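**Student:** test case, fold it:
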Amino acid sequence: MRIATDTGGTFTDCVFLRDGQPQILKVPSRSKQRAAAIGEAVEKALAAVGTSTGAELHLVCGTTVGTNALLERRGGRVLLVTTRGFEDVLEIGRQARAELYNLTFAKAPPLVPRALRIGAGERLAADGAAVTRLRPAEIRSLVRKCKAASPGAVAICFLFSFRNPKHEAMLARALRAAGLLVSASHEILPEYREFERTSTTVINAYLAPVMTEYLRETHSQAGQALRKSKGSARSPVRVRVMQSNGGIISAERAAAEPVRTVLSGPAGGVLGASYAAELAGLSKIISFDMGGTSTDVALLSGETRVTTEARVAGLPVSVPMLEIHTVGAGGGSLARFDAGGALRVGPQSAGADPGPACYGKGDATTVTDAHAVLGHFGGQGLLNGAFPLDVERARRVLDRDKGSFATPEKFASGVLGVANAVMERAIRLISIERGHDPREYTLVAFGGAGALHACDLVAALDLRGVLVPRFPGGLSALGILRADVVRDFSQTVLLPVVGTREARGKVARQLPRLQGEADRFLAREGFAARDRRFECRLDLRYRGQAYDLSVPFDGDFVAAFHRAHAQAYGHSDASWPVEIVNARCRAKGLSPRISLKEVARAGPGADARPESRRNCTFAGKRMEAAVYFRETLLAGHTFSGPAIVTEYSATTLVPPGWLLRVDRYGQLHLSARQGRMASRGR
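**Tutor:** Numbering: from 1, shown residues only. Okay, here's the model as predicted:
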């Protein structure tokens, strides 16, 4: 039994298989007991499909626990042990200022205060040779100091340990033997750049206590749900977690390396969007995931894009992560007026409790309330009517908060306009500002609120059109369910490229060790040799550069680097010396493939019939819109706006002048001009 969950700020989404086909359900998230919502979702999923004695439950989770702990500074108490004299690397950071023109910018304090940063009497040279050896007496002294500080976890980051991990490994063994939770940099990120390596290791230690407790509770909740299911008292439970790099990993490994899960949920959304685009025959897409608290956008052109230069909550995280940009604009985002009287939306959110005013408990204006007042839910509520909306309560709240706006409806339109502007900037950042022409891309809109805003954003940015996948409110969970087991291995090598053949020989002596580690990892995860895949890459740069580009380790990788540099920066120089910075190996264990079946096709001349008609507001104008149930739409159906398409997990707005077409997989294609997308998709 395979079940995937994605815990968001408002709802916890669950996708499971019934007769080999994905099904979706949603339960309200619990801000203080997130694992309890997962237990509830698993219990409902098991009740829907039934279980058999001895059946094993495979639960795969996407989670924002790590992200939220960083944003809210709710991680564990961390003690940092580093080479003596380098205790302040974490605080000094880089010379670059986060906000160059902000005269009142205040740098956030480091995760580890000065009193909890300890210098060790050891030193390695740049080539890894021991200058000052770490003596047994020094190790015993460090263990005593660490135990006396009573930390939740200890981070170890010695100078040049990526060249020689012996000192870190000796201290890590001693601290673990003393019962302490340890994150060592040679295990987390054996790469050069002292600040980024220290920051990433500290973040891992900071999140480890929180993630360990969360995963323990998740396993317990899933086990309880399974025991409640008939005949499953002895069934085993296996929990895996979505990583930021687009692959899943065991709960045990996620607890040891939680830094790899800080963009867990959004990564699942990118995988889901990529699959939806594949079904539609689209190669260039922008994924647009608008949930209850935030919006995540990513640009995909044939493959998912991975970076090792991400920042989360202003802190560098140098493990591989999908390139995802997040902004604080979601269905639960709060609207307010700032000190200058300007209308703002987000990043504060009503969350799951109390939620938007129209949910019945909230008492502040949110984006969802604005949609409710404007009639954008077609009078159907949420979850196919199982979650009714209190529109009158939302109207009263908007009337109270409207400020200088004449009516609640005008205030609601203003709230949506500001929210759209925030999300438009996010899409511009990942497309136009990085040299991509948005006219070549289709917006894949999902999340509970994505299809409510998609057409406005496409019109503003002149994108090709909108694709609304199946299960839009649970697409991240579907992506998580389809994900492979993935782990990235890396090692700094710092080799000059004299000739491609010579460089290949030098790197070829480094990669077997990484690939051996990768192969042993997949064997421990239970994958047969036929289901193991390996991808080797090199990070290269021109001599004198501070940063690098990653290219596959096949063919003429130097020529590939020149092409990648020209594409990324607009120029390259084949005559300039090139250096190999890092060697990388990605291990992938192939999961069983899940594929959506085609939907029934409409007969010749059979038109889609609306279930009802409702008055609603588009672009400030009140008009009548046709309301369709998505479950009744068949392949080949087409109709024009104004219209509203409601379904269990989301609502789609079709503005006046827009055309909607249903493809053979039941996905919705929206275009502002008839015929522009007529040949797109299948």
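**Student:** bridging residues for the nearest residue to residue 250 once chain neighbours are set aside?
**Tutor:** Nearest non-adjacent residue to residue 250, counting by CB to CB, 6 or more residues apart in numbering: residue 240, 5.7 Å away. Every C-beta, even on glycine, is put in place using the N, C-alpha and C of the backbone. Taking DSSP bridges as the rule, residue 240 bridges to residue 60, residue 250.
**Student:** residue 240: neighbour count?
**Tutor:** Residues within reach of residue 240, counting by other CB atoms under 10 Å, total 23.
**Student:** same thing with residue 354?
**Tutor:** Residues near residue 354, counting by other CB under 10 Å: 14.
**Student:** what do you get for residue 419?
**Tutor:** Counted with other CB under 10 Å, the neighbours of residue 419 add up to 28.
**Student:** that one should be in a helix, yeah?
**Tutor:** Yes. Counting by DSSP: H, G, I helix; E, B strand; the rest coil, one finds residue 419 located in a helix.
**Student:** got the contact list for it?
**Tutor:** 329, 333, 345, 346, 367, 453 (CB atoms under 8 Å, 6 or more residues apart in numbering).
**Student:** among the residues you listed, the buried ones, what's the ChimeraX command?
**Tutor:** Of those, the buried ones go into a single ChimeraX selection, burial set by 16 or more other CB atoms under 10 Å:
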select :329,333,345,346,367,453
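**Student:** which pLDDT value belongs to the closest residue to residue 608 other than its chain neighbours?
**Tutor:** The shortest distance from residue 608 to any non-neighbouring residue, by CB to CB, 6+ apart, is to residue 637 (4.1 Å). If you check residue 637, the pLDDT there is 95.
**Student:** quick thing: my sequence starts at 658, can you match it?
**Tutor:** Understood, numbering begins at 658; the last thing we discussed is residue 1294.
**Student:** which ones are touching residue 1294?
**Tutor:** Taking CB under 8 Å, 6+ apart as the test, what residue 1294 contacts is 1259, 1263, 1264, 1265, 1318, 1319.
**Student:** what does residue 701 give?
**Tutor:** Counting by CB under 8 Å, 6+ apart, residue 701 has contacts 671, 682, 684.
**Student:** what is the neighbour count of the second one?
**Tutor:** Residues within reach of residue 682, counting by other CB under 10 Å, total 21.
**Student:** so it makes contact with residue 671?
**Tutor:** Yes. Using CB atoms under 8 Å, residue 682 is in contact with residue 671, at 5.0 Å.
**Student:** now do the shared contacts for the two.
**Tutor:** Shared contacts of residue 682 and residue 671 (CB under 8 Å, 6+ apart): 698, 701, 702.
**Student:** can you redo the residues you listed as CSV with pLDDT and secondary structure?
**Tutor:** Below are these laid out as CSV (pLDDT from 0 to 100; DSSP: H, G, I helix; E, B strand; the rest coil):
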residue, pLDDT, secondary structure
698, 92, helix
701, 91, helix
702, 91, helix
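**Student:** ok, now how distant is residue 1013 from residue 1274?
**Tutor:** Separation of residue 1013 from residue 1274 (CB to CB, to the nearest Å): 18 Å.
**Student:** between the two, which one's more packed in?
**Tutor:** Of the pair residue 1013 and residue 1274, residue 1013 is the one with more neighbours under other CB under 10 Å, namely 32 against 21.
**Student:** would you quantify the distance from that one to residue 666?
**Tutor:** Counting by CB to CB, the gap from residue 1013 to residue 666 is 12 Å.
**Student:** with residue 967 instead?
**Tutor:** Separation of residue 967 from residue 666 (CB to CB): 21 Å.
**Student:** so between these two, which is more surrounded?
**Tutor:** residue 666 (23 against 20).
**Student:** and for the more buried one, nearest residue in space, chain neighbours not counted?
**Tutor:** residue 950 (3.3 Å).
**Student:** before we move on, what about residue 1274?
**Tutor:** Leaving aside its chain neighbours, residue 1274 sits nearest to residue 1031 (4.2 Å; criterion: CB to CB, 6+ apart).
**Student:** related to what we said a few turns ago, measure the residue nearest to residue 907 to residue 1246 for me?
**Tutor:** Residue 897 is 11 Å from residue 1246, where distance means CB to CB.
**Student:** so what sits against both of the two?
**Tutor:** What both residue 897 and residue 1246 touch, as defined by CB under 8 Å, 6+ apart, is the set residue 1142.
**Student:** and residue 1259, how many neighbours does it have?
**Tutor:** When neighbours are counted by other CB under 10 Å, residue 1259 comes out with 16.
**Student:** all helices for the stretch 1108-1257 of the chain, in order.
**Tutor:** Taking DSSP state H, counting those that start in this stretch, the helices of the stretch 1108-1257 of the chain run over residues 1132-1139, 1157-1165, 1168-1181, 1214-1226.
**Student:** deepest of the ones you listed, which one?
**Tutor:** Of all these, helix 1132-1139 carries the top mean neighbour count, a mean of 30, counting by mean count of other CB atoms under 10 Å.
**Student:** could I get that one in CSV with only the CA atoms?
**Tutor:** Output of helix 1132-1139 as CSV, limited to C-alpha atoms (Å, rounded to 0.1, in the frame of the first residue of the first chain):
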residue,chain,number,x,y,z
LEU,A,1132,-0.5,17.5,-7.4
SER,A,1133,2.5,17.9,-4.9
ALA,A,1134,1.4,14.7,-3.2
LEU,A,1135,1.1,12.9,-6.6
GLY,A,1136,4.6,14.1,-7.5
ILE,A,1137,5.8,12.7,-4.2
LEU,A,1138,4.1,9.4,-4.8
ARG,A,1139,5.8,9.1,-8.2
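**Student:** which elements pack onto the helix or strand containing residue 953?
**Tutor:** Residue 953 belongs to strand 952-958 when assigned by DSSP states H and E. Packing partners of strand 952-958 (3 or more CB pairs under 8 Å, 6 or more residues apart in numbering; DSSP states H and E): helix 921-937, strand 941-947, strand 982-984, helix 1065-1087.
**Student:** can you tell me which of the ones you listed is most buried?
**Tutor:** For these, the largest average neighbour count (mean count of other CB under 10 Å) is found in strand 941-947, namely a mean of 27.
**Student:** can you tell me the strand partners of that one and which way each runs?
**Tutor:** Partners of strand 941-947, by DSSP bridges, with direction: strand 952-958 (antiparallel), strand 1099-1103 (parallel).
**Student:** now for those strands, which one comes closest to residue 855?
**Tutor:** strand 952-958 (27.5 Å; CB to CB).
**Student:** any chance you could map the helices in the stretch 958-1107 of the chain?
**Tutor:** Using DSSP H, counting those that start in this stretch, helices in the stretch 958-1107 of the chain cover 1024-1030, 1048-1058, 1065-1087, 1107-1118.
**Student:** how near is the residue nearest to residue 907 to residue 686?
**Tutor:** Taken as CB to CB, the span from residue 897 to residue 686 is 20 Å.
**Student:** what's the domain layout of this protein?
**Tutor:** Domain assignment for the chain by automatic domain parsing gives 659-726+870-918, 730-865, 923-1140+1250-1339, 1141-1246.
**Student:** send me the helix or strand hosting residue 811 as CSV with only the CA atoms.
**Tutor:** Using DSSP H and E, residue 811 falls within strand 810-814. In CSV, the C-alpha atoms belonging to strand 810-814 read as follows (Å, rounded to 0.1, in the frame of the first residue of the first chain):
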residue,chain,number,x,y,z
ALA,A,810,22.7,18.7,18.7
VAL,A,811,26.4,19.3,18.0
ALA,A,812,27.7,20.5,14.6
ILE,A,813,31.4,19.8,13.7
CYS,A,814,33.1,21.8,11.0
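**Student:** average pLDDT across the next helix or strand after that strand?
**Tutor:** Scanning forward in sequence from strand 810-814 by DSSP H and E, the next helix or strand is helix 823-834. The average pLDDT within helix 823-834 is 97.
**Student:** what's the angle from helix 823-834 to strand 810-814?
**Tutor:** Going by axes from the mean of the first three to the mean of the last three CA atoms, to 10 degrees, helix 823-834 is angled at 170 degrees with respect to strand 810-814.
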